[in-house]
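1. Mind folding the following:
(one chain, ligands or ions: 2)
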Amino acid sequence: MLIPTPVFFGAGEPHRMVDLEVAEPRTGEVRVRMAASGVCHSCLYAMDGEHAAIPVPIVLGDEGAGVVESVGPGVTSVSEGDHVVVSWAPGCGTCRPCRRGAPAICRRPSPFGRMRDGTTRLSAAGQEVFHYGPATNAPLTVLEERAVVPVHPAMPLDLAALIGCAVATGIGAVRTTAAVRVGDAVAVLGCGGVGASAVHGAQLAGAHPVIAVDVVPAKFEALRALGATHCVDARSDDVVGQILDLTDGGVDHAFVTTSAAPAFDTALRVLAPRGTAILVAGYPDGARVTFDPGHLLNGERRIVASKYGSSNPPVDFPDLVDLHLAGRLKLAEMVARRWRPDQMDEAYDALRSGAAGRGLIVFDPPPADERGR
Ligand SMILES: [Zn+2]
Ligand SMILES: [Zn+2]
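-> Ligands and ions are numbered 1, 2, ... in the order given. Model (predicted):
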């Protein structure tokens, strides 16, 4: 089946729409017609060459939702027509972390850019086209069965896409990794898609105060709608002092949701004694952070990491969908705008510029309110 698909050819080069051959799903695989794909920072790192060299040509996208179009032999958990949220961390399913419900730290992940068997399901004129994880920027993509999680069909699929990366990561970091309790003081450093989700997760957990810190004050109104009780401009004077003043001596949890240089150090300096800094952001390869070990020791402060929000997608994604359908989990409020698949570079440029809110690539047919834009 030939499908026009946005393909990335390397750092500094624009996306091109290419007619891709999308193979049938093999054993244990499913083919999914994507409804929407989130515009995520990890793809931006890949585009800008800040990760180890990625194979090209490649289809990007690690956050999406869609409808199962066909299934390969042996697939049991989904069937044609099921609505699914895509997980970028299917894991091998058998190693110890996978058996413990932590596929994001799987010991035997699939080879980067390829399916588990080392081949690709996307090609152009006989040349293989790689896939950045689940390649959710493709209107039609082939995934491992474990990479799709069936969800309630009442869930709007465009908003469901967000659950697959930003929301799972941000809310999971609050709920699962940090286990934030009612009344805990929380700061979130960097409020892109993951940070905004962490702010909202902190609200859902009953935290107070919930302090959102970002370099773009234009984001603050939306962050307040998601649950921020205070917003601090990261470019203002004495960010640490402002947060300490708001919290009677520091926060219980500081979520580092940006790799921007000062965030990690700020997180440690705003921690109350026995507080925890939770490292959530993906960093460019080769990044290093610095901190004052005495400050850590003297307050018994802790640093932990949260990959993919410590998510167990088959359990967590349906929970998050149910929470949205019950009116508790806000998702529409996170979306800044919708783009067509042929606007990929504009969508990533908006993310690169620090624009407020998540961008969504919406596949055919576009929503009525976006037609003609
Ligand atoms: Zn992502
Ligand atoms: Zn595994």
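2. Does the helix or strand bottoming out on mean pLDDT in the chain pack against any helices or strands, and if so which?
-> In the chain, no helix or strand scores lower on mean pLDDT, DSSP states H and E than helix 41-47, which sits at a mean of 87. If you count contacts as 3 or more C-beta pairs under 8 Å, 6 or more residues apart in numbering; DSSP states H and E, helix 41-47 packs onto helix 344-352. Every C-beta, even on glycine, is put in place using the N, C-alpha and C of the backbone.
3. How is the residue of the stretch 251-373 of the chain found nearest ligand 1 assigned, secondary-structure-wise?
-> Of all residues in the stretch 251-373 of the chain, residue 282 sits closest to ligand 1, at 7.9 Å by C-beta to the ion. The three-state assignment at residue 282 reads coil, by DSSP: H, G, I helix; E, B strand; the rest coil.
4. what does the least confident helix or strand of the chain rub up against?
-> By C-beta atoms under 8 Å, 6 or more residues apart in numbering, the surrounding residues in contact with helix 41-47 are 8, 11, 51, 54, 58, 60-62, 132, 137, 165, 192-194, 282, 284, 348, 351-352.
5. pretty sure residue 18 is touching residue 5, no?
-> Yes. Using C-beta atoms under 8 Å, residue 18 makes contact with residue 5 at a distance of 6.0 Å.
6. Tell me the predicted confidence for the residue of the stretch 251-373 of the chain closest to ligand 1.
-> The per-residue pLDDT reported for residue 282 equals 89.
7. if I look at the closest residue to it other than its chain neighbours, how far off is residue 262?
-> Distances taken as C-beta to C-beta, 6 or more residues apart in numbering place residue 42 nearest to residue 282, at 5.2 Å, with adjacent residues excluded. Residue 42 is 21 Å from residue 262, where distance means C-beta to C-beta, to the nearest Å.
8. quick one, which of those two is more surrounded?
-> residue 42 (20 against 16; other C-beta atoms under 10 Å).
9. Okay, the more buried one and residue 145: tell me how far apart.
-> The gap separating residue 42 from residue 145 is 23 Å, by C-beta to C-beta.
10. cool, residue 51 as well?
-> 27 Å.
11. what about the closest residue to ligand 2 within the stretch 101-250 of the chain, neighbour count?
-> Closest contact between the stretch 101-250 of the chain and ligand 2, by C-beta to the ion, is at residue 106 (3.2 Å). Residue 106: 19 surrounding residues under other C-beta under 10 Å.
12. Skipping adjacent residues, who's closest to it in space?
-> Closest to residue 106 by C-beta to C-beta, 6+ apart is residue 91, at 3.6 Å.
13. and that neighbour, backbone torsions?
-> The phi/psi pair for residue 91 (degrees, to the nearest 10) reads phi 70, psi 170.
14. so residue 275, which of the three states?
-> Residue 275 - assigned by three-state DSSP - is strand.
15. And residue 111, by the same measure?
-> Going by three-state DSSP, the secondary structure assigned to residue 111 is coil.
16. any idea which element the nearest residue to it once chain neighbours are set aside lies in?
-> Among residues not flanking residue 111 along the chain, residue 118 sits closest, at 5.9 Å (C-beta to C-beta, 6+ apart). In the assignment (DSSP states H and E), residue 118 maps to no helix and no strand.
17. With residue 161 as the reference, measure out to residue 118.
-> 28 Å.
18. out of the two, which sits in the busier spot?
-> Counted by other C-beta under 10 Å, residue 118 and residue 161 do not tie: residue 161 has more neighbours, with 31 against 8.
19. circling back: state the distance from the residue of the stretch 101-250 of the chain closest to ligand 2 to residue 150.
-> For residue 106 relative to residue 150 (C-beta to C-beta), the value is 21 Å.
20. OK, contacts around residue 351?
-> Per C-beta under 8 Å, 6+ apart, neighbours of residue 351: 39, 40, 41, 44, 192, 359.
21. Now the residue located most distally from the centre of the chain: phi and psi?
-> The outermost residue of the chain, judged against the average C-alpha position, is residue 298 (34.2 Å), by C-alpha atoms, centre = their mean. Dihedral pair for residue 298: phi -70, psi -20, per degrees, to the nearest 10.
22. does stretch 339-348 come close to ligand 1?
-> No. Stretch 339-348 stays clear of ligand 1 (C-beta under 5 Å from the ion), getting no nearer than 12.4 Å.
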